[in-house]
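# Sequence first, predicted coordinates after that:
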Amino acid sequence: MSMTIEEEFNNDINNDTKKRIASIDFVKGFAIIFIILAHAAVSWLDSDWVYLYGLIFSFLDVLGPTLFVFLSALSVVFSLKRKKGKVSDKAIRNGIFIRGGVIIIIGILFNPMSLLTSGVSVPFPANLWGWNILMFIGFSQILSYYAIKFNKITRAVIGVIIIYFSPWIRELLYEFKDINIGVYILHFIITSPLAQVPILPFLAVCFMSTIFGEFLYDAMIKGTKQAYYRLFRIFAIYGIVFILVGIFVIVPRGVAFNIWETGLARVIPGSPSTPGELVLSEYLHIDLLRIANQQTYYHFDAMPMYMVRCTAHNMFYNLGVAFLLIAVCFYFLDIKNKTNDVIKLVLFYGKTSLSLFLIQYLFLPLYGGQFSIIFYPIVWVGYCGFLGLLMYIWLKYFGGVGTPEWMVRKIGSSGKKEEKVVKEISFKTN
């Protein structure tokens, strides 16, 4: 079976540590299974039950872009650390740039479909631009290469500043985008037509992920139980701290810094710079409130700020939950070495998460609004099993040809040849 990019990432670690980081693949697999659940739910649940999508997804959005971008940026740390001193800096940089560039191109090609399914009309070629999860993952690979050049404290300060002031900057751009053409262009670049994963505040994830990526790599290099337990405590403690910050710390927004809110502030779709209101086009996930209210049992009058994606509170909160989730998985899978058939299955989904994210969209139009909550769990389990089987056959019998991982590997082969040449030259010289 051809090696996927995730396997190459873990092999990078194995070469130095003789230890596979099962928790990274497991968290990816757990996240992609939930994403399949959510996307199928909004497409396939009938009108009586679609409110569950809005309700559950608002609580579990932490398993979405924040987690995926964080885990993706970790790979840059391992690529740099493993190859440092063995190949030229140029070869390392080119490998990271190629991997990030390929994913960005896939994200650009994915954008028109994403806009179409969201009901947003944007003319060509502007519809090619947009910060969807794929495009940002590719961008995070490249940015992380530069972010790691700063020391840990500097990265932490930069990350916190970006998160803390992003709401104010974005509201400032929104207020003046129709008045000044320069501001309009800047708003378009930073937020994009569909603000799924805007560069602000998600830029901060690249700085944060490289810090914890170094902690993770150093622990794996040492390979001792003491190092593993220390790493577990680091992730767990920072996870709790970030969650508390996301819920309770006051963050400014409003053009004139006239609104200060904690993560517990309750908001609804509305006008900019108005207390208790957020602009729907800037904070798409607040629309989950409308979907969650498509039932007669209970009316939710607002959403807590820390549950609305792209707010500063939500970014702190999501990072905190991500740290805790990784800590728990690392404890059981890498410290206690727990394994069973279910864990192995989730690990496989994690290794093929990027491909699964794309191919799931091919089947979403099949059952538009046809299932009640009674049948949906059965359909979803079968659907996940079908996607997993499809990927297994694709990889085993067709070498994964056409998958994002395959494209990265093929395009990056020139970089590997360069690395081989450098090694041969170095050997002959010595």
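Received, thanks.
# CA atoms for contacts and neighbours, from now on please.
Noted.
# Return stretch 301-313 as PDB; C-alpha atoms alone will do.
The C-alpha coordinates for stretch 301-313 follow below in PDB (Å, rounded to 0.1, in the frame of the first residue of the first chain):
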ATOM      1  CA  ASP A 301     -32.800  33.300  22.500                       C
ATOM      2  CA  ALA A 302     -29.000  33.700  22.000                       C
ATOM      3  CA  MET A 303     -25.700  31.900  21.800                       C
ATOM      4  CA  PRO A 304     -22.700  32.300  24.200                       C
ATOM      5  CA  MET A 305     -19.900  34.100  22.600                       C
ATOM      6  CA  TYR A 306     -17.400  31.300  23.300                       C
ATOM      7  CA  MET A 307     -19.500  29.000  21.100                       C
ATOM      8  CA  VAL A 308     -19.400  31.300  18.000                       C
ATOM      9  CA  ARG A 309     -16.600  30.400  15.600                       C
ATOM     10  CA  CYS A 310     -14.100  33.100  14.800                       C
ATOM     11  CA  THR A 311     -14.600  35.100  17.900                       C
ATOM     12  CA  ALA A 312     -11.600  35.600  20.200                       C
ATOM     13  CA  HIS A 313     -13.400  33.700  23.000                       C
END
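# average pLDDT for that stretch?
In this model, stretch 301-313 has a mean pLDDT of 93.
# in the sheet, who's paired with Ile259?
Taking DSSP bridges as the rule, Ile259 bridges to Arg253.
# Give the burial count for it, as a bare number.
Ile259 has 16 neighbouring residues, counting by other Cα atoms under 10 Å.
# Next: the one 4 residues further on.
In terms of burial, Gly263 registers 25 neighbours under the definition other Cα under 10 Å.
# Tell me who's in contact with it.
For Gly263, the contact set (Cα atoms under 8 Å, 6 or more residues apart in numbering) comprises 246-250, 304-306, 313-314.
# let's see it at 7 Å
Contacts for Gly263 (Cα atoms under 7 Å, 6 or more residues apart in numbering) come out as 246-249, 304-306, 313.
# any idea which element it lies in?
For Gly263, there is no host helix or strand (DSSP states H and E).
# now it: how far from Arg309?
Counting by Cα to Cα, to the nearest Å, the gap between Gly263 and Arg309 amounts to 12 Å.
# From the contacts of Gly263, which land in helices?
Using DSSP state H, the subset of the contacts of Gly263 located in helices is 246-248, 313.
# Name the member of these with the most neighbours.
Busiest of the ones in helices among the contacts of Gly263 [other Cα under 10 Å] is His313, holding 32 neighbours.
# Hmm, Leu244 and that one touching each other?
No - His313 is not in contact with Leu244 according to Cα atoms under 7 Å; the separation is 9.6 Å.
# Can you list phi and psi of Ile374 for me?
With angles defined as degrees, to the nearest 10, Ile374 sits at phi -70, psi -40.
# That one: how many residues sit nearby?
Neighbours of Ile374 using other Cα under 10 Å come to 9.
# buried sites along the longest helix belonging to the chain?
In the chain, with assignment by DSSP H, the single longest helix is helix 89-117. Going by neighbour count (16 or more other Cα atoms under 10 Å), the buried part of helix 89-117 is 91-104, 106-108, 110-112, 114-115.
# residue ranges of the strands in the chain, please?
In the chain, the strands defined using DSSP state E lie at 251-253, 259-261, 266-269, 277-278, 303-304.
# most packed of the ones you listed?
Mean neighbour count (mean count of other Cα atoms under 10 Å) peaks for strand 251-253 among the strands of the chain, with a mean of 22.
# what's it packed up against?
Helices and strands touching strand 251-253, as assessed by 3 or more Cα pairs under 7 Å, 6 or more residues apart in numbering; DSSP states H and E, comprise helix 152-176, strand 259-261.
# any idea which of those is most buried?
Across those, averaging neighbours per residue (mean count of other Cα under 10 Å) puts helix 152-176 on top, at a mean of 19.
# from the middle of its chain, how far away would that helix be?
18 Å (Cα atoms, centre = their mean, to the nearest Å).
# which residues touch it?
So helix 152-176 is in contact with 147, 183, 187, 200-201, 204, 207-208, 211, 251-255, 272, 311-312, 315, going by Cα under 7 Å, 6+ apart.
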